[in-house]
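> need a 3D model of the following:
(chains A and B)
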There are 2 protein chains.
Amino acid sequence: MLQNKPQENALAPFFEPEGLAVIGSFKEGVFGGYVVVKSLLEAGYKGNIYPVNPGNYKEVLGLKVYPSPRDIPGKADLALLMINARHVPGVIKRCAEAHIMSIVLVADGFAERDAEGAALQDEVIRLARSLGVRIIGPNTAGIANAMNGFNPCPYDAGYYQFKKGTVSICSQTGMINPQAYAYGDLGYGISKICDFGNKCDLDECDFLEYLENDTDTEIISVYVESVKDGKRFLEVCRRVASKKPVLLLKLGTTEAGARASASHTGSLAIDDKIFDAVCRQTKVLRLDQFAEMFEMPRFFASQPLPRGNRFGMVTYTGAVGVAALDEGARHGLVRARLSNDTSRMLEDMFPGLGHVPVDIGPMIPSVKDFSSVYTKILIAVMEDENVDSLFNVVWADGKGNNTKAYVEGYEALKETARKPVVTWVYGPSINMTRDVSKRLESLGFPVFTEPERCIKALGLAYRYASGG
Amino acid sequence: MLQNKPQENALAPFFEPEGLAVIGSFKEGVFGGYVVVKSLLEAGYKGNIYPVNPGNYKEVLGLKVYPSPRDIPGKADLALLMINARHVPGVIKRCAEAHIMSIVLVADGFAERDAEGAALQDEVIRLARSLGVRIIGPNTAGIANAMNGFNPCPYDAGYYQFKKGTVSICSQTGMINPQAYAYGDLGYGISKICDFGNKCDLDECDFLEYLENDTDTEIISVYVESVKDGKRFLEVCRRVASKKPVLLLKLGTTEAGARASASHTGSLAIDDKIFDAVCRQTKVLRLDQFAEMFEMPRFFASQPLPRGNRFGMVTYTGAVGVAALDEGARHGLVRARLSNDTSRMLEDMFPGLGHVPVDIGPMIPSVKDFSSVYTKILIAVMEDENVDSLFNVVWADGKGNNTKAYVEGYEALKETARKPVVTWVYGPSINMTRDVSKRLESLGFPVFTEPERCIKALGLAYRYASGG
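Prediction:
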């Protein structure tokens, strides 16, 4: 199976294993081998699953438990280790003896813990190199592949299947694991997930190279606190980001944060300058806030890239228009100057409507048929030759009176739009804004939690489209 | 009634009117005089309500409609005008004749529209000065006072009563009006709301001075795009912020934003330097993002100020620890160094637990009685003499298994805590994170939407506590 692939990457057996040895405790609970097996079964993984435990377990969820990797009767090319750190070297040896050469080391208590743990981590990586074994981790919440149902999540998230999609997320933290984040509520589908953990062996560069050639992945969101080899990171980023958008969150940018990073995954944060260089010299798009890592892919997963930096805006409120222009200026975006035809048409509808931001607030009280007027305005702004993208502010009124108009407007946008649209929804209750947001998202349009984030998404997309 | 007050402020009749003339259309709908009357009745306003319209309306919601202000039979000291801009001067005259000397000018079509509107606005303000009439607006979504049920909201928000509280919000945008924002979901109560609109007369300085002496108001959140008199603004800010926290959002900081501001409320944005000076020379706390205006009061409405800049942190994830330390460094906060006793006690519970960030993630799989362990950790960090505040990261697991432990932990914090606590909740579903967030908020602890915002709240509070 594997030999058919044109380019074999060290990470391929991790995401597409023919068989998996799950080594740990199988006590029923919210963490551990039991959860991993349950998650794989529920997610629909079709490969072999071999629970391994030398103790008293005979069976888990209908699967036989084997005392040791060498007792596994069929093919297993990957092992997931959830065992005490001090047993790790011995178990790695037994895996290698059983020709399992890829290991996800969920176990913690290594370099992130103390000097003793760091020494043990050194021993593990020396051993792995001598045996030819490759490792993700230690101290990782693991990996997942939505495409083949390979979701060996060690914590019980309460759900096991992802919406399949084009976004892959990799990071130096378990925060990106399904148990941690609300993937069902992100508004886009997932291809691969990987937490590098302490990345004693495989790291963000390996992952980026794997995703570079992964046809299921079109967008990569990556979080790092440190890189081991700045030169390689720069080269890999340059190459991968030229093929697909790479969104990069780097924390530990202050001295205090960098010190914390050292104790988090036991890796020394390198000077922030390398990241600035990477983002300046490549098409990598740098993020600043934690939530952006999950929100920004929404744009790239659903919208075309803008042809230019002129954004149109339809809004109910001038203040958000001001906020948008402030944020736009930070990203090289300018407000579109509507063509004379569009401007005149809008002014005829309502005085003052003929320029960006197109503030429909004042006209609302006098509008008879909001639905048709609203669609007309959206389409007019969107189709104007001077407009490269649209920021739309939607007011989810307390009684849902306007929801039908919004849905119709966005259905019309969907028919005609070949330009990106970003949306912010506000209103007098969170239930109502969530309802409207979900309807617009189900039509394929990304909704962001804050107005500034809408504009930043456009800014990142413009930067990507215009060559970085 | 009014003459009993020691200091009469021009804004007093606006927020505590004995009677209100509602001048506009009373057609049933989602905007206009009908909504205002409905809102006042539902909100429990006990003053007189006099609908005024020269046309065919006889009655609205059981109240008689009067043809002109002079026909009003009882006391009205405030009028709300929702009429065509060109009729405004005439109606103001008739209001003054009827001794209504305070006017909320909801009507738009003034300086924010065009040159003709600007000329009309000039005429209005000259007229008002000659008559001794005071004006909020034009182009305002109005005002509200949760304390006396005076909520003359011109748009139907679907709810009419606010939770009463200590936060007052004033701004140069209707975005702060009840119809626009989800006040029921903010997690704190409201005292007063005011949208200045084009502020042809009364402005943020007048409002700040009113709130300075308003005993119901303990926290002020204010949004401005421009100020008319920089010197007065500085003086007022200095005085008011020395008495209660003033959170200031200034948009239009870029040239593009400032130009948009000019067309939004017809006021010229002044140089951003005055705002920098205000924030540097006073205790005013400057905000950067739109959402902060509504989120940051959560802290001040519920938490004591920190005694120092050393924050403790309990988390499930090291990455958020790194983000917190980065953000902390931007606000002069440092991570607390736990005392030897606390550190030893935590290390005895689990190796690696004895320092900030106290990352409980690794210990979770091996914990038997999570509830009691969790409470012990929270209290130990909180009561440590080296800790001035606590940032707590809560993982709302997908099945709600830990919710009881969190509630118990926060109940214990509530008993002992005399230091501020800020919380971020994450988890594998938004429903679950919302559920846990609401439980913690109902115990009186603010939950923020993003981890960086938790730290920024602590940073603003520290700045305020340490003298600005």
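
> quick one: whatever residue of the stretch 351-468 of chain A ends up closest to chain B from residue B:441, how far?
Taking CB to the nearest CB, chain B has its nearest neighbour within the stretch 351-468 of chain A at residue A:398, 2.5 Å off. Just so you know, the C-beta spots here come from the backbone N, C-alpha and C atoms, and that holds for glycine as well. Distance, residue A:398 to residue B:441, using CB to CB, to the nearest Å: 21 Å.

> next one: residue A:123
From residue A:123 across to residue B:441, the span is 47 Å (CB to CB).

> and these two? which has more neighbours close in?
residue B:441 (20 against 14; other CB atoms under 10 Å in any protein chain shown).

> quick one: contacts for the more buried one?
Residue B:441 makes contacts with B:187, B:447, as judged by CB atoms under 8 Å, 6 or more residues apart in numbering or on different chains.

> quick check, pLDDT for it.
Looking at residue B:441, its pLDDT stands at 96.

> and the contacts of the longest helix along chain A?
With secondary structure taken from DSSP state H, chain A has its longest helix at helix A:115-131. For helix A:115-131, contacts defined as CB under 8 Å, 6+ apart pick out A:85-86, A:88-89, A:92-93, A:96, A:101, A:103, A:105, A:109-111, A:133-135, A:138, A:198, A:200-201, A:266.

> which other helices and strands does the helix or strand hosting residue A:234 contact?
Residue A:234 belongs to helix A:230-243 when assigned by DSSP states H and E. Under the contact definition 3 or more CB pairs under 8 Å, 6 or more residues apart in numbering or on different chains; DSSP states H and E, helix A:230-243 sits against helix A:204-212, strand A:246-250, helix A:273-281.

> I'd like the next helix or strand past the longest helix of chain A.
strand A:134-136.

> which secondary structure elements does that following strand contact?
Strand A:134-136 is packed against strand A:102-105, helix A:115-131, with contacts defined by 3+ CB pairs under 8 Å, 6+ apart.

> reformat the ones you listed as CSV; add mean pLDDT and distance to residue A:296.
As requested, the helices and strands packed on strand A:134-136 are exported to CSV (pLDDT from 0 to 100; distance: least, CB to CB, whole Å):
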stretch, mean pLDDT, distance to residue A:296
strand A:102-105, 98, 27
helix A:115-131, 96, 33
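
> deepest-packed of the ones you listed, please.
Each of those was scored by mean neighbour count; the highest is strand A:102-105, a mean of 28, by mean count of other CB atoms under 10 Å in any protein chain shown.

> before we move on, the earlier item: in CSV: the helices and strands packed on helix A:230-243, plus mean neighbour count, distance to residue A:67 and mean pLDDT.
Converted to CSV, those look like this (neighbours: other CB atoms under 10 Å in any protein chain shown; distance: least, CB to CB, whole Å; pLDDT from 0 to 100):
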stretch, mean neighbour count, distance to residue A:67, mean pLDDT
helix A:204-212, 23, 32, 96
strand A:246-250, 25, 43, 94
helix A:273-281, 16, 47, 81
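
> of the ones you listed, which is nearest residue B:153?
Residue B:153 sits nearest to strand A:246-250 of all the helices and strands packed on helix A:230-243, at 40.5 Å, using CB to CB.

> any residues touching that closest one, and which ones?
With CB under 8 Å, 6+ apart as the criterion, strand A:246-250 contacts A:171, A:208, A:219-225, A:237, A:240, A:272, A:275, A:278-279, A:283-290, A:292-293, A:296-297, A:300, A:460.

> picking that back up, which of the helices and strands packed on helix A:230-243 sits closest to residue B:22?
Among these, the nearest to residue B:22 by CB to CB is strand A:246-250 (51.3 Å).

> partners of that closest one in the sheet?
Note on strand A:246-250: by DSSP bridges, its sheet partners are strand A:219-224 (parallel), strand A:285-287 (parallel).

> touching the last one from outside, list them.
Meaning strand A:285-287. If you take CB under 8 Å, 6+ apart as the criterion, strand A:285-287 is touched by A:241, A:245-250, A:275, A:279, A:293, A:296, A:460, A:463-464.

> hmm, try it at 7 Å
By CB atoms under 7 Å, 6 or more residues apart in numbering or on different chains, the residues outside strand A:285-287 that reach it are A:245-249, A:279, A:293, A:296, A:460, A:463-464.

> got the residues of the stretch 301-450 of chain A near chain B?
Residues of the stretch 301-450 of chain A found near chain B (CB under 7 Å from any CB of the partner chain) are A:317-323, A:325-326, A:328-329, A:334-335, A:351-352, A:357, A:362, A:364-365, A:397-399, A:401, A:426-430, A:433, A:450.

> what is the neighbour count of the residue of the stretch 351-468 of chain A closest to chain B?
Residues near residue A:398, counting by other CB under 10 Å: 21.

> how about residue A:74?
Counted with other CB under 10 Å, residues neighbouring residue A:74 total 9.

> could you pull up the residues touching it?
If a contact means CB under 7 Å, 6+ apart, then residue A:74 has A:19, A:48 as its contacts.

> also the one 3 residues further on?
Each residue near residue A:77 by CB under 7 Å, 6+ apart is listed here: A:13, A:17-19, A:100, A:102.

> selecting buried members of those in ChimeraX, what would you type?
Buried members of the contacts of residue A:77, defined by 16 or more other CB atoms under 10 Å in any protein chain shown, are picked up in ChimeraX with:
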select /A:13,17,19,100,102
